[in-house]
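Trainee: Coordinates for the following, if possible.
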Amino acid sequence: HRSSEDKILSVRMESRGLGSWVHHMQGAMSWAFASNSTLVLRHPYDYFLHDGCPSKTEEELQFENCNCYFEPLFPSQLMTETEDNEEKTLASFWHNYLPPESVAREYGISAGILWWNIALIQYLLAPNHKLEAMIARYKAIIGWGEDPVIGVHVRRGDACAGWRHGKMHHAELMPKSFCLDVEKDVVPAIKLFSETYGAKSVFVATDDPNVLTEIRNSPSVHAQLSGMHWIGVDVKRNF
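Mentor: Below is the predicted model of the structure:
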């Protein structure tokens, strides 16, 4: 039970891509940590409303606990105790990615931006039993072993086309953004990582099912990365 002095940070969820959602959630969690508040997410996140997630009651639709795929972020009893708190939008936390001063004081120079945000992501995206089982099943299907694997994201969908024409949201922050060419831009980076870490497998995440076929059939790719094992999962990105 909460005391009258406990603070609640009530955040209104918004429709956005998963990567953007994670970035903004990192900011919201940093804010909650710095202000010694409990984070509560008002209204559901639409990524968790598709057929792969359990249906919700009208009361449950007023809150999001991320437990469709991940471990719950806060105790369920908090859902009935947040009506009188100020509500902020998730977009309010776009720039809140620095570790709080108290964390920096405790951990010193090791508490950098990368370290802090990795810790937040590890907490935010801790898989529940359902997602862990799904990950284990697909890793077994594609033969994911103990050896190091290089992960590559090749995006050719809405965001890629939008950036090319300056139509994507936040396009003003990326005026010269473009879609990377796999052979010219991605393969050299993979080669560098392979030589540095001894990895001989590449996991390709993409919204275009033709990408893996193109890579596997490209003489140029094979000439640069002979002996590389290319793997991927043939499922929609929203599971």
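Trainee: and I190, what element?
Mentor: Element membership for I190 (DSSP states H and E) is helix 187-197.
Trainee: So what touches that helix?
Mentor: Helix 187-197 is contacted from outside by 148, 150, 152, 199-200, 202, 220-221, 224-225, 228, using Cβ atoms under 8 Å, 6 or more residues apart in numbering. For every residue, glycine as well, the C-beta is placed using N, CA and C.
Trainee: swap in stretch 111-122?
Mentor: Contacts to stretch 111-122, defined as Cβ under 8 Å, 6+ apart, come from residues 22, 25-26, 29-30, 97-99, 103-104, 107.
Trainee: Check the contacts of helix 187-197 and tell me the two furthest apart.
Mentor: Largest separation among the contacts of helix 187-197 by Cβ to Cβ: P148 and S220, giving 24.1 Å.
Trainee: ok, longest helix in this structure?
Mentor: helix 18-34 (DSSP state H).
Trainee: Summarise which helices and strands that one is packed against.
Mentor: With contacts defined as 3 or more Cβ pairs under 8 Å, 6 or more residues apart in numbering; DSSP states H and E, helix 18-34 has these neighbours: strand 7-12, strand 37-42, helix 101-107, helix 113-124.
Trainee: cutoff 10 Å now
Mentor: strand 7-12, strand 37-42, strand 87-89, helix 101-107, helix 113-124 (3 or more Cβ pairs under 10 Å, 6 or more residues apart in numbering; DSSP states H and E).
Trainee: gap between it and the chain center?
Mentor: 11 Å (Cα atoms, centre = their mean, to the nearest Å).
Trainee: and if you look at stretch 210-221?
Mentor: For stretch 210-221, the distance to the chain centre is 27 Å (Cα atoms, centre = their mean).
Trainee: mind listing what's buried in that stretch?
Mentor: Residues of stretch 210-221 classed as buried by neighbour count (16 or more other Cβ atoms under 10 Å): 211-212, 215, 221.
Trainee: repeat for stretch 19-36
Mentor: Going by 16+ other Cβ under 10 Å, stretch 19-36 has these buried residues: 20-21, 23-33.
Trainee: any idea how far that stretch is from the chain center?
Mentor: Put simply, stretch 19-36 sits 13 Å off its chain's centre (Cα atoms, centre = their mean).
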